[in-house]
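In: need coordinates for the following:
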Amino acid sequence: MVSLTSPPARVLVVDDHTPSRMAAVALLAAAGYQVDQADGGLTALRHILSHPPDLILLDVMMPGLDGYELCRQLKQSEQTRLIPVVFMTALSDREARLRSIEVGGDDFLTKPVDSLELSARVKSLIHHKRLNEDLDHAEQVLFAIARTVESRDPNTGDHCERLAKLAHAFGFYLKLPHQGLKDLVWAAYLHDIGKVGIPDSILMKSGPLTDEERLIMERHVLIGETICRPLRIMRGVVPIIRHHHERWNGSGYPDGLVGSAIPRLAQVFQLMDIFDALVHARPYKPQLSIDQALIIMWQEVELGWRDPLLMEQFEVFVHSDGLPVDHRLEAVTQSELDSCPIRAYG
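Out: I've put the predicted structure just below:
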């Protein structure tokens, strides 16, 4: 069996004080790390962009680009944000530590640095970085699958991208906490990921589904839950994926949940999903205006499918300035509206 081992982690030591820099380099090299060094912030920045390290040991007080500003720039860049930064300085006051946290520093060591403490912290932070990278890659795979699913269905167009904008706007209007807002936006891309397990003959069927075919189609929420559940970062998205087809009166799927037993974010998401489908054209239905879409959605409320109070909030929102531009559409004719039955968007 071939043994696969990770290459030695690369550490960059940034310090304009040569004796301090060389002491850290020697300690880390002895511990088996591949060590690079830079004598200033600008030199370090160029090196990081061309040879990204697994961890940076960073002095604070340096001429030109100091440690705080270098760290701030690194943490704002998608390319370098996951690289742990450990501030290593003779400063030990509380203000210095607080500022290192504010700019995104991951740890703080005071000179002279204890060799055992340095080795332990570097090992721990590199381990966490590699776990975060694995998570990042897993998320990218999920979103790639979601894009593939959307491309299989020519009827939906840019539904997920529009839905993400709508989710951000409505979530902001509802004053959702940051994590709730993030879960709602991610659900916009991932809510139908389970359709990857639905046969094309059913997913792209132009006519009505048979009862058997509809049962197969409804499984997409369970498949999507199974795909996303292993990632802890998806724990707020999974209930939306599973329950965004439940109905207020219990007639939805997969669990027939009633009223407030339906996760709140799933209810919020459902309204946006329906609204986007109604106000954009599909091969089997015309594009409707905001008012025409709301008429149909209120008919569904009367059928017992939606929470009336949440629907009232949504109606106020869609008439507000916060509604995304690509959902502000012109009305179709009454004859076209009459030809669009309830749930023709599903």
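In: low-confidence stretches in the stretch 201-346 of the chain?
Out: Scanning the stretch 201-346 of the chain for pLDDT under 70 picks out the ranges 282-285, 325-346.
In: distance of M297 relative to Q270?
Out: Separation of M297 from Q270 (CB to CB, to the nearest Å): 10 Å. Glycine gets a C-beta too; all of them are placed from N, C-alpha and C.
In: shared neighbours, the two?
Out: Counting by CB atoms under 8 Å, 6 or more residues apart in numbering, the contacts common to M297 and Q270 are R306.
In: more neighbours, these two?
Out: It is Q270, of M297 and Q270, that has more neighbours when counted by other CB atoms under 10 Å, with 24 against 20.
In: got the contact list for the more buried one?
Out: Neighbour list for Q270: H244, H245, E246, R306 [criterion: CB under 8 Å, 6+ apart].
In: please apply the same query to D276.
Out: Residues near D276 by CB under 8 Å, 6+ apart: H159, R162, L163, L166, H327.
In: now the two most distant members of those.
Out: Across the contacts of D276, the longest distance by CB to CB is 11.8 Å; it joins H159 and H327.
In: mind giving me the domain ranges of the chain?
Out: Structural domains assigned to the chain are 10-132, 153-338, following automatic domain parsing.
In: for V141, find the nearest of the ones you listed.
Out: With CB to CB as the criterion, V141 lies closest to domain 153-338 of the domains of the chain, at 9.7 Å.
In: turn the contacts of Q270 into CSV, including neighbour count and secondary structure.
Out: Below are the contacts of Q270 laid out as CSV (neighbours: other CB atoms under 10 Å; DSSP: H, G, I helix; E, B strand; the rest coil):
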residue, neighbour count, secondary structure
H244, 25, coil
H245, 17, coil
E246, 25, coil
R306, 21, coil
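In: distance check, the residue minimising distance to the centre of the chain against P52.
Out: For the chain, the residue nearest the mean C-alpha position is W186 (4.8 Å; CA atoms, centre = their mean). Applying CB to CB, the value for W186 to P52 is 26 Å.
In: can you count the residues close to D106?
Out: D106, neighbours per other CB under 10 Å, totals 20.
In: equivalent analysis for the one 3 residues further on, please.
Out: Residues lying near L109 (other CB under 10 Å) number 17.
In: host element of it?
Out: Using DSSP states H and E, L109 sits within strand 107-110.
In: could I get the buried residue list for the next helix or strand after that strand?
Out: Where DSSP H and E defines the elements, the next helix or strand beyond strand 107-110 is helix 115-152. By neighbour count on 16 or more other CB atoms under 10 Å, the buried set for helix 115-152 is 118-119, 121-122, 125-126, 129, 139, 142, 145-146, 149-150.
In: again, but for stretch 95-113
Out: Using 16+ other CB under 10 Å as the test for burial, stretch 95-113 gives A96, R97, R99, S100, V103, G104, G105, D106, D107, F108, L109, V113.
In: and the contacts of it?
Out: By CB under 8 Å, 6+ apart, the residues outside stretch 95-113 that reach it are 20, 23-24, 27, 57-58, 60, 68-69, 71-72, 74-75, 84-92, 117-118, 121, 125.
In: can you do 6 Å?
Out: Stretch 95-113 has contacts (CB atoms under 6 Å, 6 or more residues apart in numbering) with 68, 71-72, 75, 84-88, 90, 92, 121, 125.
In: got a markdown table for the buried residues of helix 115-152, with pLDDT and distance to I262 too?
Out: Shown next, in a markdown table, are the buried residues of helix 115-152 (pLDDT from 0 to 100; distance: CB to CB, whole Å):
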| residue | pLDDT | distance to I262 |
| --- | --- | --- |
| L118 | 83 | 51 |
| S119 | 84 | 51 |
| R121 | 84 | 45 |
| V122 | 87 | 47 |
| L125 | 85 | 41 |
| I126 | 84 | 43 |
| K129 | 75 | 38 |
| E139 | 71 | 26 |
| L142 | 77 | 24 |
| I145 | 74 | 26 |
| A146 | 77 | 23 |
| V149 | 71 | 24 |
| E150 | 70 | 25 |
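In: quick one: which of those is nearest P254?
Out: Comparing those against P254 with CB to CB places V149 closest, at 18.3 Å.
In: test my guess that the closest one contacts V196.
Out: Yes: if you go by CB atoms under 6 Å, V149 and V196 touch, sitting 5.1 Å apart.
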